[in-house]
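# Here is a sequence together with a model predicted from it:
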Amino acid sequence: MSGEGTTRRENSRTNGEGTAGVQSVDRAVRVLEILARTGGAGVSEVAADLQVHKSTAFRLLAALEERGLVEQNSDRGKYQLGFGILRLASAIPVRLDLVHQARPVLDELAAQVRETVNLAVVRQHYAVNVAEAMGPAAISAQTWMGQLTPLHATSSGKILLAHLDDAQRDEILETSGLPQLTERTITSRAALQKQLVQARTDGYATTFEEYEVGLNAVAVPVRDHTGAVVAAVSASGPAFRLVPDRIEGLAGALRSAGSQISQRMGYIGS
């Protein structure tokens, strides 16, 4: 009995220490995320964000500072990320594979929305689909993989255009023009510009039979570690199924997927 009692006490102590250790690691990571998000914060700000006592926040910051992961700005007394972060980051490949990072998210999204999902990037004055996941409700074997599609007539293209700077966007549209592909294709620069502004405000873009008769779609942006939009995730399907009310309702699922891929690419913003 004595031996069993001792073992129980030791297990209890070990479990308690393990739980405390995990909590400390979690808090330390959250401190780094706070400093990355804000650019710098004082002990009081960190404590408030973590909802801990100032002494706890100070100990966390001191431990991270000892490892070179944070440093104190002597001018303001605030803490910011240190050069130790760069040392750790150097072990990561310089360019994360966008398709590799997006693949599991695309598969999950396609299963959730039951439609075809694509990942597209800008190539010259087109949007090119570099990854695809087929939903269970797909009614044809058509694939968009590798296809170059017009930026002004696709939901992915509109997202990509919306987040280019004015000079890049003007250059692309001057080169490509706004050819009419269906009766609903937008061929007015003013009308397109209005939609691009709306896409930046709403966080998503839509197309209703603008590229192909009977095809509707909705897309959201994907960002890299700098916050720049580097790709677009879209869901597309037949117009009889992706009616306006439903297609705009899919925006929430796409936003979540776009956010997940962005985080996997190193983006830490909201």
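Perfect, I can see it now.
# Please, where are all the strands along this structure?
Along the chain, counting by DSSP state E, strands occupy 70-72, 79-81, 116-123, 126-133, 148-150, 205-208, 215-223, 229-238.
# Can I get those strands in a markdown table including mean pLDDT and distance to L109?
Bear in mind the C-beta positions are built from the backbone N, C-alpha and C, glycine included. Listed next are these as a markdown table, based on pLDDT from 0 to 100; distance: least, C-beta to C-beta, whole Å:
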| stretch | mean pLDDT | distance to L109 |
| --- | --- | --- |
| strand 70-72 | 86 | 36 |
| strand 79-81 | 85 | 32 |
| strand 116-123 | 91 | 5 |
| strand 126-133 | 88 | 7 |
| strand 148-150 | 86 | 19 |
| strand 205-208 | 94 | 17 |
| strand 215-223 | 95 | 10 |
| strand 229-238 | 93 | 7 |
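# would you turn the ones you listed into TSV with distance to A199 and mean neighbour count?
Listed next are the strands of the chain as TSV, based on distance: least, C-beta to C-beta, whole Å; neighbours: other C-beta atoms under 10 Å:
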stretch	distance to A199	mean neighbour count
strand 70-72	37	20
strand 79-81	32	20
strand 116-123	14	24
strand 126-133	14	21
strand 148-150	16	17
strand 205-208	4	23
strand 215-223	9	27
strand 229-238	10	25
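# Dump these to a markdown table, plus distance to T19.
Below are those laid out as a markdown table (distance: least, C-beta to C-beta, whole Å):
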| stretch | distance to T19 |
| --- | --- |
| strand 70-72 | 25 |
| strand 79-81 | 26 |
| strand 116-123 | 39 |
| strand 126-133 | 39 |
| strand 148-150 | 52 |
| strand 205-208 | 46 |
| strand 215-223 | 35 |
| strand 229-238 | 38 |
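# Could you say which one of the ones you listed comes nearest to K158?
strand 205-208 (3.8 Å; C-beta to C-beta).
# so what strands line up beside the closest one?
strand 215-223 (antiparallel) (DSSP bridges).
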